[in-house]
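> just need the structure, nothing else, for what follows:
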Amino acid sequence: MAVEERRFEIGYALLPKKENSFIRESLVNQAKSRGIDLVKIDMERPLVDQRPFDCVLHKLYGEDWKRQLEDFRSQNPNAVIIDSPDAIERLHNRISMLQVVSELKIENQSETFGIPKQIVIYDQETLFDKQAWELLKFPVIAKPLVADGSAKSHKMALVFNHEGLNKLKPPIVLQEFVNHGGVIFKVYVVGEYVKCVKRKSLPDVSEEKLNSLEGSLPFSQVSNLATHEKSDDKYYKMMHLEDTELPPLSFMTDIAKGLRRAMNLNLFNFDVIRDTRFGNRYLIIDINYFPGYAKMPGYERVLTDFFCDIVTRRESEVVVEKALVEECSQVGGTDGRHCEEEVRKMVTNSCYSDGEEKKNSLQV
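Below is the predicted model:
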């Protein structure tokens with residue numbers, strides 16, 4: 001009699017807009033062909049009362065959901081949670097989001113990386129305090145401090161002088177605008193997979209142009225600096241998108257691996273620009289959790305490979321855990337529950353193919 005194939009269930013909890021863009025039939029079918037069933041989590045029922053999923057994939061926030069994940073994890077210790085709510089929350093603040101970049105140690109002889117100069121403004125008084133601006137020069141990008149994916153968090157503006165500060169409402173982050181040839185690089189990370197693509201960005205602002213500009217412009221109108229019609233061929237030719245060379249993939253992969261380890265996240269992307277003043281200087285300007293992967297060519301295969309990796313890796317860990325618990329109980333005569341706790345700590349510290357420590361564990 002043929003042995004029935006082991007199938008895995010991954011429960012997903014996403015907002016409707018995210019679900020519509022990510023959970024496409026092509027992804028569901030690809031995963032199903034590899035032994036993985038994607039199952040929608042019923043938000044009307046407690047998570048702990050639903051199936052004992054092998055993995056929970058989510059992009060929801062709030063204390064209630066966080067408690068539900070904790071309850072589920074306590075009842076299903078072998079399940080994997082993608083990703084930890086505490087780790088995700090770090091990306092909801094645009095200051096703490098980029099602090100991790102400054103902590104990375106990556107050896108590279110050819111390229112360098114960092115973040116643009118930036119300050120956080122919590123009140124109107126500081127906004128107009130010129131001493132607070134000593135490190136920055138115009139133009140600057142004004143971004144809401146909170147980056148929670150809401151429409152409000154995406155309202156940004158390019159500020160050309162002090163007059164443009166009048167319309168801003170703290171708390172905000174002011175980030176020095178760096179000319180980058182009108183091209184932004186989006187680096188998608190899915191576990192150990194890294195993909196870099198290029199997209200059109202804000203046009204460069206010359207010193208001459210800056211002297212003729214006043215106030216500020218919302219991002220939706222910044223393209224008008226280059227042309228009155230965004231569809232104008234001159235606008236696209238100015239961006240030089242096709243001629244723009246991608247950053248070295250090995251360099252982007254090293255940064256991605258460093259960020260993944262430091263943030264304890266598996267699904268994210270980061271936005272990178274190349275400083276036109278230094279051809280080998282790259283600046284990370286934003287990090288987003290669980291981005292729009294459907295925009296990435298072949299995302300179905302990439303995500304399915306990732307799903308397969310995490311569930312089969314966890315299954316292997318469970319087998320090792322059981323064997324070690326049994327050995328621990330027999331040899332030391334120790335209490336079984338104590339053995340399980342100690343063995344789980346040891347396995348999650350050592351069972352990763354890239355040698356990462358427990359803080360890179362896939363579990364909450």
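> only C-alpha atoms from now on, for both contacts and neighbour counts.
Fine.
> next, give phi and psi for C55.
Comment: the main-chain dihedrals of C55 come out as phi -150, psi 150, following degrees, to the nearest 10.
> so who does it touch?
For C55, the contact set (C-alpha atoms under 8 Å, 6 or more residues apart in numbering) comprises 9-11, 79-82, 311.
> at 10 Å what do you get?
For C55, the contacting residues are 8-12, 38, 76, 78-82, 307, 310-311, 314, 362-363, by C-alpha atoms under 10 Å, 6 or more residues apart in numbering.
> strands - which of those residues land there?
In strands, judged by DSSP state E, the following of the contacts of C55 are found: 8-12, 38, 80-82.
> and the residues you listed as a markdown table, adding neighbour count and distance to V197?
Listed next are the ones in strands among the contacts of C55 as a markdown table, based on neighbours: other C-alpha atoms under 10 Å; distance: C-alpha to C-alpha, whole Å:
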| residue | neighbour count | distance to V197 |
| --- | --- | --- |
| F8 | 20 | 31 |
| E9 | 19 | 31 |
| I10 | 23 | 28 |
| G11 | 22 | 29 |
| Y12 | 20 | 27 |
| L38 | 20 | 27 |
| V80 | 22 | 29 |
| I81 | 23 | 28 |
| I82 | 21 | 24 |
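> please, which helix or strand holds the residue nearest the centre of the chain?
The centroid of the chain falls nearest to F268 when counting by C-alpha atoms, centre = their mean (2.4 Å). F268 belongs to strand 267-274 when assigned by DSSP states H and E.
> name the helices or strands packed onto that strand?
On a contact count with 3 or more C-alpha pairs under 10 Å, 6 or more residues apart in numbering; DSSP states H and E, strand 267-274 meets strand 112-114, strand 183-190, strand 193-200, helix 249-263, strand 281-289.
> for F138, what are phi and psi?
Here is the backbone geometry of F138 (degrees, to the nearest 10): phi -70, psi 150.
> and it, how far is that from R199?
Distance of F138 to R199, computed by C-alpha to C-alpha, to the nearest Å: 24 Å.
> looking at these two, which one has more neighbours?
For F138 against R199, the residue with the higher neighbour count under other C-alpha atoms under 10 Å is F138, and the figures read 17 against 12.
> quick one: stretch 10-27 to chain centroid distance?
Stretch 10-27 has its average C-alpha position 17 Å from the chain's average C-alpha position, going by C-alpha atoms, centre = their mean, to the nearest Å.
> now it: buried residues?
10-14, 22-23, 27 (16 or more other C-alpha atoms under 10 Å).
> kindly reformat the residues you listed as TSV containing distance to S102 and pLDDT.
Written out in TSV, the entries for those read as follows (distance: C-alpha to C-alpha, whole Å; pLDDT from 0 to 100):
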residue	distance to S102	pLDDT
I10	35	97
G11	35	97
Y12	33	98
A13	32	98
L14	31	97
F22	31	97
I23	35	98
L27	36	98
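> kindly reformat the residues you listed as CSV containing distance to Q124.
Putting the buried residues of stretch 10-27 into CSV (distance: C-alpha to C-alpha, whole Å) gives the following:
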residue, distance to Q124
I10, 47
G11, 45
Y12, 42
A13, 39
L14, 36
F22, 40
I23, 43
L27, 48
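> quick one: which of the residues you listed is nearest to S110?
F22 (36.7 Å; C-alpha to C-alpha).
> you'd agree the closest one is up against E300?
Yes - using C-alpha atoms under 10 Å, F22 and E300 qualify as a contacting pair, with a distance of 9.3 Å.
> list the residues that contact both of the two?
With contacts taken as C-alpha under 10 Å, 6+ apart, the residues that reach both F22 and E300 are 28, 293-294.
> whichever of those end up buried, select them in PyMOL.
For selection in PyMOL, the members of these meeting the burial criterion (16+ other C-alpha under 10 Å) are listed in this command:
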select buried, resi 28+293
